[in-house]
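> whatever this is, show me its structure:
(one chain, ligands or ions: 1)
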Amino acid sequence: MEMTKTLGEFIIDCQAEHPHATGALTAIFSSIRLASKVLHREINKAGLVDITGAVGSENVQGEEQQKLDVYANEKFKTALAARGVVCGIASEEEDKYVNFEEGNSQEGEYVVLMDPLDGSSNIDVNVSVGTIFSIYRRVSPVGEPVTAADFLQPGHKQVAAGYVIYGSSTMLVYTTGNGVNGFTLDPSLGVFCLSHPNMKMPEDGKIYSVNEGNYIHFPTGVKKYIKYCQEEDETTQRPYTSRYIGSLVSDFHRNLIKGGIYLYPTARNYPSGKLRLLYECNPIAFLAEQAGGKAVCNPGEAIMDITPEELHQRTPFFVGSKNMVEKVEEFLAAEQ
Ligand code: P6P
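Here you go, the predicted structure:
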């Protein structure tokens with residue numbers, strides 16, 4: 001029986017297809033792979049220790065152990081800084097971007113933006129969470145400290161993007177612009193194995209994911225689309241099913257496999273939308289488009305065409321099966 005290809009073997013095969021590849025991206029994925037295994041181990045202790053807050057105990061270095069989302073940030077930051085190919089990162093857990101000064105990091109040609117543990121409030125109720133990452137080539141001169149411009153690039157400049165979902169199994173799903181592939185961690189071996197080659201998002205779906213608690217504050221077009229999802233219509237297999245986990249990576253992952261749409265419009269507490277453009281929406285949008293889906297912020301406005309103005313800016317977000325996103329665009333456009 002043929003052994004399943006591991007993530008490392010897959011990346012090396014892909015690198016062989018790009019003779020000019022320097023191996024830098026391979027090194028970055030190796031860092032992400034390592035940090036995600038560490039996080040897998042910690043998250044799966046959820047039943048044993050309080051990992052949603054300071055646990056009150058000290059680790060071997062005498063440091064007080066930290067909230068898991070801050071812990072995740074430190075692990076990914078350390079892993080990414082260790083290889084000398086990443087010159088800096090931006091993170092939901094960091095107010096400003098971080099310039100790496102370790103070793104020859106300034107020679108690094110890539111920057112990474114990440115949400116190290118998205119949906120972390122779900123940890124203490126044992127609901128799946130995820131890490132989201134987005135990789136760009138730096139635009140500032142190699143050898144100098146990173147600048148804001150390195151991070152404020154539009155999503156269509158991404159070199160790679162992906163997520164790790166810590167659920168019933170831990171999976172890493174990523175794209176480098178040549179399709180989407182999913183790898184499942186085999187904890188007994190400590191390797192990610194190619195389990196979902198060439199992932200394609202169904203053009204249509206019957207699942208809509210939205211926090212309907214915000215309904216009364218949604219734009220009229222969104223309200224009309226939600227009612228459309230709930231109407232009886234056999235020809236379009238409606239009513240659809242409402243599925244909302246409250247963890248973007250989990251909702252997106254299910255919709256990627258089964259077909260569906262995730263909506264986070266403007267709402268009362270989020271006049272610009274809740275989700276962050278740079279390290280949540282852009283990477284998920286890259287994956288969606290590479291898998292045949294679509295991601296917009298407003299009708300006719302692709303997420304990846306937004307020119308970012310500040311690191312933590314938010315945006316309305318509609319992502320999923322192409323025909324479902326285009327249908328919500330119709331409802332939004334009709335109200336403009
Ligand atoms: P709400 C988690 O905080 C997150 O950023 C996404 O993972 C998730 O889809 C969304 O916010 C949930 O937000 O307002 O519905 O609780």
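> OK, contacts around the closest residue to the ligand within the stretch 1-150 of the chain?
Using C-beta to the nearest ligand atom, residue 119 is the residue of the stretch 1-150 of the chain that sits closest to the ligand, at 4.1 Å. (Glycine included, C-beta is placed from N, CA and C.) Counting by C-beta atoms under 8 Å, 6 or more residues apart in numbering, residue 119 touches 127, 128, 129, 130, 245, 246, 247, 248, 249, 250.
> now, the residues you listed that are in helices?
Among the contacts of residue 119, the members falling in helices (DSSP state H) are 248, 249, 250.
> about what we covered before: closest one to residue 294 out of the contacts of residue 119, please.
Lowest distance from residue 294 to the contacts of residue 119 (C-beta to C-beta) belongs to residue 248, with 16.3 Å.
> residues in contact with that closest one?
118, 119, 130, 132, 262, 275, 280, 284.
> among those, who's most crowded?
Counting neighbours by other C-beta atoms under 10 Å, residue 284 leads the contacts of residue 248 with 31 neighbours.
> quick check: phi and psi on it?
phi -70, psi -40 (degrees, to the nearest 10).
> buried residues of stretch 188-207, list them for me.
The neighbour-count check on stretch 188-207 (16 or more other C-beta atoms under 10 Å) flags 191, 192, 193, 194, 195, 199, 201, 202, 205, 206, 207 as buried.
> typo on my end, it should be stretch 129-149
Within stretch 129-149, the residues that count as buried by 16+ other C-beta under 10 Å are 129, 130, 131, 132, 133, 134, 135, 136, 138, 140, 146, 147.
> quick check: mean pLDDT across stretch 155-165?
What stretch 155-165 shows for mean pLDDT is 98.
> can you tell me the closest non-neighbouring residue to residue 313?
residue 277 (5.2 Å; C-beta to C-beta, 6 or more residues apart in numbering).
> and the strands in the stretch 151-300 of the chain, which stretches?
160-166, 170-175, 180-186, 191-196, 207-209, 241-242, 261-264, 294-298 (DSSP state E, counting those that start in this stretch).
> and the shortest one, how far out from the chain middle?
Okay, so that is strand 241-242. Computed by C-alpha atoms, centre = their mean, to the nearest Å, the chain-centroid distance of strand 241-242 equals 22 Å.
> that strand pairs with which strands?
If you go by DSSP bridges, strand 241-242 pairs up with strand 207-209 (parallel).
> if we can go back for a sec, restrict the buried residues of stretch 129-149 to those near the ligand?
With the criterion set as C-beta under 6 Å from any ligand atom, no member of these is near the ligand.
> want to throw the residues you listed into CSV with secondary structure and pLDDT?
Listed next are the buried residues of stretch 129-149 as CSV, based on DSSP: H, G, I helix; E, B strand; the rest coil; pLDDT from 0 to 100:
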residue, secondary structure, pLDDT
129, strand, 93
130, strand, 96
131, strand, 98
132, strand, 98
133, strand, 98
134, strand, 98
135, strand, 98
136, strand, 97
138, coil, 97
140, coil, 97
146, coil, 97
147, coil, 97
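> make TSV out of the residues you listed and add distance to residue 8.
Output for the buried residues of stretch 129-149, formatted as TSV (distance: C-beta to C-beta, whole Å):
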residue	distance to residue 8
129	25
130	21
131	19
132	22
133	17
134	22
135	17
136	23
138	25
140	30
146	28
147	33
